[in-house]
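Asks: compute the structure for the input listed below.
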Amino acid sequence: GEGRWTRLPLRGPDFPELAEDLTGQNPRGAWAVTSDGTWSTGRHLPVGGVESAKTGLALLWQIEHNGAWRWEIGEDTGGGYVGLSGPTDADSAWTRLLRPGESFTTVPATVAAGPDFEGALAALTDFRRAARRAHPDNAAMPVVFNDYMNTLDGDPTTEKLLPLIAAAAAAGAEIFCIDAGWYDDSGNWWDTVGEWTPSTTRFPGGLGEVVDAIRGAGMVPGLWLEPEVVGVRSPVADALPREAFLLRHGQRIVEHHRYHLDLRHSAAAAHLDGVVDRLVADFGIGFFKFDYNVNPGPGTDHDADSVGDGLLGHNRAHLAWLDRLLDRHPGLVVENCSSGAMRMDFAMLSRLAMQSTSDQQDYTKFPPIAAAAPIALLPEQAASWAYPQPGMSDEEVAFCLVTGLLGRFYVSGHLNRMNERQRRTVAAAVAAAKTLRASIASGHPHWPAGLPGWTEPWIALGLSGPDDELVSVWRRGGPSATELRFPHLTGRDVTVTTVFPAELPEWKTAWDSSTGTLAVQAGDAETAARTLRLTTDSPALRQK
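Replies: Modelled structure (predicted):
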């Protein structure tokens, strides 16, 4: 259910006019959004904005932290304010005592301005691109096939993987990631993880046989990894010192049958360095999906002024560990999964190549998540699952593939079980995704049908570039026609073409240049989607 954005009037029940100019006293309340623990986006996003149509000004902000944070909107005798911070005492048990000569650096935040919400977001998008870590993947954006979602579901074996590898390569995938389970001999791996050595029962010929098949098919091999946790039954739990884990009152914190490493400790960091370096050296792994499925709570009181202080230290040590990792392996591509977008903050995304936007398994519910994702992260980082299945109709297969097309294309599904027509459709989508990479990596997002609603029948995501306009449109029942708004194209002649799917019937469109609106008429299928391109003779579609 990620990315469910809403617009609310400020002058409403939360901000009544109190005549504080007469009392001279500031109101004691504020409208606050908070997050605690290490799932920085587990409940809310550290991103928000205010917009004034009257003044023609919008502000959009992001708190750039992989732990606890708070933003609030308030009003005082001087006017309105926005307050942005990292962990606080009241919200997340954070205090830090500064001794003589010591200093403290706050959690960073960025504020972007524009004439309206989408204008401010364009500025924030430009900042995100400028501020993220330089990496070849930022422009290359190779297509990733991952075997997990609605496919192997954490149960990979040589027998299951080899046909998928062949099918993914035939479709044009450039990276093949073996997801969870590759280290498991018992079939019950949740509380035994931490050593990260390949299973011998799942891969009778060794994991190397499968990795060689991936590389032999022309793809980069990838592995799933959940580096920060150690299962309570893992041999690593007793091999590392107690202080290498997050502690409360001297005891290791247990969350969902796992201990949590404290990356302030050199032994914890050294253990993870050894794991990643070994997998890269032994198997030539070029891609990791870093998952993160537990939240250890407020923090640790070990070697800290408060539990929140201990957690902040760990959060920052985690970022430093990622920086060192990428310094050692500058070509390594790392996906930030975090239990399906539970840690989708810019502190992480300034370093890592891409982000799983959700673990939503119902393909009809994914479009509003995919469409809203570029508010919180760069379009080129937004990996929304495209997981078509053999039992789907042609329109349903295309619907799934459109969901990932205006982001970082991220494919799954039983491709090896599909018929020839379905495989052609997947290959066409992969080919289309490769042609769109430059446009996605430079485009500014907007929403021609309005901000996506969770149950809305029509959803649309647009990306404006200097030469053309891309828009993905999903129909989920409801009326067979809709109207999309492109106010920045008002008064211009526009040509509409279909990017994908080319083999299915085209949707009828009608452009009204006087109002900047595009009427879209779908076919008979109630679940269907198209990605369209709008071109004009104007040298620049949109000025930001």
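Asks: ok, residues contacting whatever helix or strand G340 lives in?
Replies: Element membership for G340 (DSSP states H and E) is helix 338-341. Contact with helix 338-341 is made by 2, 39, 41, 290-293, 344, 348, 355-360, as judged by CB atoms under 8 Å, 6 or more residues apart in numbering. Every residue, glycine included, has its C-beta placed from N, CA and C.
Asks: now with 7 Å, please.
Replies: Helix 338-341 has contacts (CB atoms under 7 Å, 6 or more residues apart in numbering) with 2, 41, 291-293, 344, 355-359.
Asks: immediately after it, which helix or strand?
Replies: Per DSSP H and E, the helix or strand that comes after helix 338-341 is helix 346-349.
Asks: all the strands of the stretch 1-150 of the chain, in order from the start?
Replies: For the stretch 1-150 of the chain, strands defined by DSSP state E, counting those that start in this stretch occupy the ranges 31-35, 47-52, 57-63, 69-76, 79-85, 109-114, 144-146.
Asks: turn these into TSV, columns for mean neighbour count.
Replies: Converted to TSV, these look like this (neighbours: other CB atoms under 10 Å):
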stretch	mean neighbour count
strand 31-35	17
strand 47-52	18
strand 57-63	21
strand 69-76	20
strand 79-85	14
strand 109-114	17
strand 144-146	28
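Asks: still on that earlier bit, now the helix holding G340 - C-alpha only, CSV.
Replies: Taking C-alpha atoms only, helix 338-341 is exported to CSV below (Å, rounded to 0.1, in the frame of the first residue of the first chain):
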residue,chain,number,x,y,z
SER,A,338,14.0,-3.4,2.8
SER,A,339,11.0,-5.6,3.1
GLY,A,340,9.3,-3.9,0.1
ALA,A,341,10.1,-0.2,0.6
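Asks: wait, which of the strands of the stretch 1-150 of the chain is closest to L415?
Replies: L415 lies closest to strand 144-146 among these, at 7.9 Å (CB to CB).
Asks: paired strands for the closest one, with orientation please.
Replies: Sheet pairing of strand 144-146 (DSSP bridges) gives strand 175-178 (parallel), strand 410-411 (parallel).
Asks: same question for the longest one, mean pLDDT?
Replies: Okay, so that is strand 175-178. For strand 175-178, mean pLDDT rounds to 98.
Asks: output it as CSV - backbone C-alpha positions only.
Replies: The C-alpha trace of strand 175-178 is given here as CSV (Å, rounded to 0.1, in the frame of the first residue of the first chain):
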residue,chain,number,x,y,z
ILE,A,175,20.9,-9.1,-14.7
PHE,A,176,19.5,-12.3,-13.2
CYS,A,177,19.1,-12.2,-9.4
ILE,A,178,18.6,-15.4,-7.4
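Asks: could you identify the helix or strand that succeeds it?
Replies: Criterion used, DSSP H and E; the element after strand 175-178 is helix 207-216.
Asks: list of residues touching that following helix?
Replies: With contacts defined as CB under 7 Å, 6+ apart, helix 207-216 is touched by 158, 161-162, 165, 176, 178, 182, 198, 203, 221, 283-284.
Asks: save those residues as TSV, and put in distance to S339 too.
Replies: What follows is these, written out as TSV (distance: CB to CB, whole Å):
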residue	distance to S339
T158	27
L161	23
L162	29
I165	26
F176	22
I178	18
W182	18
P198	23
F203	26
P221	23
F283	25
G284	28
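Asks: are any of those residues buried, and which?
Replies: Buried by 16 or more other CB atoms under 10 Å: 161-162, 165, 176, 178, 182, 198, 203, 221, 283, out of those.
Asks: closest to G478 among these?
Replies: Closest approach to G478 among these (CB to CB): F176, at 37.3 Å.
Asks: was I right about the closest one contacting I165?
Replies: Yes. Counting by CB atoms under 7 Å, F176 touches I165, with 5.8 Å between them.
Asks: E159: how many residues sit nearby?
Replies: 10 (other CB atoms under 10 Å).
Asks: and it, how close does it get to G205?
Replies: Taking CB to CB, to the nearest Å as the measure, E159 falls 11 Å from G205.
Asks: F500 - how many residues pack around it?
Replies: Close neighbours of F500, defined as other CB under 10 Å, add up to 25.
Asks: cool, S234 as well?
Replies: S234, neighbours per other CB under 10 Å, totals 20.
Asks: spatially nearest residue to it (excluding sequence neighbours)?
Replies: What sits nearest to S234 in space, not counting adjacent residues and going by CB to CB, 6 or more residues apart in numbering, is G194, at 3.6 Å.
Asks: just list the residues touching the one you found, thanks.
Replies: 229-231, 234, 236-237.
Asks: show me the domain layout of this structure.
Replies: As assigned by automatic domain parsing, the chain contains the domains 20-131, 142-356, 445-536.
Asks: is T497 in a helix, a strand, or coil?
Replies: strand (DSSP: H, G, I helix; E, B strand; the rest coil).
Asks: bridging residues for it?
Replies: Here T497 sits in beta bridges with R533, going by DSSP bridges.
Asks: that one is in contact with R530, isn't it?
Replies: No. Assessed by CB under 7 Å, T497 is found out of contact with R530, at 10.5 Å.
Asks: mind putting the domains of the chain into JSON lines with distance to P379?
Replies: Shown next, in JSON lines, are those (distance: least, CB to CB, whole Å):
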{"stretch": "domain 20-131", "distance to P379": "8"}
{"stretch": "domain 142-356", "distance to P379": "11"}
{"stretch": "domain 445-536", "distance to P379": "6"}
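Asks: packed most tightly, which of the ones you listed would that be?
Replies: When the domains of the chain are scored by mean count of other CB atoms under 10 Å, the highest mean neighbour count falls to domain 142-356 (a mean of 20).
Asks: pull up the distance across that domain, start to finish.
Replies: Start-to-end span of domain 142-356 (CA to CA, to the nearest Å) is 15 Å.
Asks: cool, and stretch 95-105?
Replies: Stretch 95-105 has an end-to-end distance of 13 Å (CA to CA).
Asks: do the same with stretch 76-88
Replies: 21 Å.
Asks: next: stretch 65-74.
Replies: Start-to-end, stretch 65-74 (CA to CA) is 22 Å.
Asks: chain center to that stretch: distance?
Replies: Its chain's average C-alpha position is 19 Å from that of stretch 65-74, according to CA atoms, centre = their mean, to the nearest Å.
Asks: contacts only, for G478.
Replies: So G478 contacts 457-458 (CB under 7 Å, 6+ apart).
Asks: pLDDT weak spots in this structure?
Replies: 538-544 (pLDDT under 70).
Asks: try 80
Replies: Along the chain, the model assigns pLDDT under 80 to residues 537-544.
Asks: spatially central residue in it, please.
Replies: In the chain, the centroid-proximal residue (CA atoms, centre = their mean) is Q355; its distance is 3.2 Å.
Asks: hmm, who's touching the strand or helix carrying it?
Replies: Taking DSSP H and E as the criterion, Q355 maps to strand 354-356. Strand 354-356 is contacted from outside by 335-337, 340-341, 344, 349, 377, 381-383, 408, using CB under 7 Å, 6+ apart.
Asks: what is the nearest of those residues to N150?
Replies: Closest to N150 out of the contacts of strand 354-356 is G340 (13.2 Å), distances taken as CB to CB.
Asks: tell me which of the domains of the chain sits nearest to P390.
Replies: That would be domain 142-356 among the domains of the chain, by CB to CB, at 11.0 Å.
Asks: for that closest one, what is the distance to the chain centroid?
Replies: Relative to its chain's centre, domain 142-356 lies at 16 Å (CA atoms, centre = their mean).
Asks: show me the strands in the stretch 201-350 of the chain, by range?
Replies: 220-225, 229-231, 247-248, 251-252, 254-255, 258-260, 287-290, 333-336.
Asks: so can I have a markdown table of those strands showing distance to W511?
Replies: Formatted as a markdown table, these follow (distance: least, CB to CB, whole Å):
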| stretch | distance to W511 |
| --- | --- |
| strand 220-225 | 42 |
| strand 229-231 | 53 |
| strand 247-248 | 62 |
| strand 251-252 | 63 |
| strand 254-255 | 54 |
| strand 258-260 | 55 |
| strand 287-290 | 41 |
| strand 333-336 | 38 |
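Asks: which one of those strands lies closest to A510?
Replies: strand 333-336 (40.3 Å).
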